[in-house]
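Trainee: just the structure for this:
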Amino acid sequence: MTIRPATEADVPGIFRMINELAEYEKQPQDVTSTEEDVREHLFADNPKVFAHVAVVDGDIAGMALWFLNYSTWQGRHGIWLEDLYVRESARGNGIGTALLKELAKIAVENDYRRVEWSVLKWNTPSIGFYTSIGANDMGDWSTMRLDGEALQVLGS
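Mentor: You can find the predicted model right below:
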């Protein structure tokens, strides 16, 4: 297994995994992005979104898509992990751990103070995995989202 930054040639595989993740999370209808969107945002002149992939036997077996966030309380950036996905056939082989280790390494090397992400409350296998590596449930904190018509109304 090799963990490396994604290349433009990885975009089709990354896009397939985005759709596989949406299927797993029971929300395939919510994917409106395209391969071109992924390519444009990951490989722009000054990208704001990044990806690392896990390659096993020449094939992409997992990915981590992330971007920087900021903590006013800590006065430092952190990493927001938007998507962590390991193909079903490759699960249980340490790929998720290896991808998270890579993000933790990036955070430590850059003096970022945290790596954060959301997980669906029903996704007990993932929650178990995350707690096994030392991640903490934020307890009283809930993720809020403004999108769709509500975003249009507020932003108009």
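Trainee: show me the helices in this structure, by range?
Mentor: For the chain, helices defined by DSSP state H occupy the ranges 11-24, 35-42, 95-109, 124-132, 148-155.
Trainee: Gly58 is nearest to which of those helices?
Mentor: For Gly58, the closest of the helices of the chain is helix 11-24, at 11.1 Å, according to C-beta to C-beta. The C-beta positions use only the backbone N, C-alpha and C, and glycine is treated the same way.
Trainee: centre-most residue in the chain?
Mentor: Asp83 (2.3 Å; C-alpha atoms, centre = their mean).
Trainee: correct me if wrong: it contacts Met63.
Mentor: Yes: the pair Asp83 / Met63 is scored as a contact, 6.8 Å apart, by C-beta atoms under 8 Å.
Trainee: between those two, what contacts are shared?
Mentor: Met17 (C-beta atoms under 8 Å, 6 or more residues apart in numbering).
Trainee: tell me the pLDDT at Asp10?
Mentor: Here, the pLDDT recorded for Asp10 equals 98.
Trainee: right, I'll leave it there.
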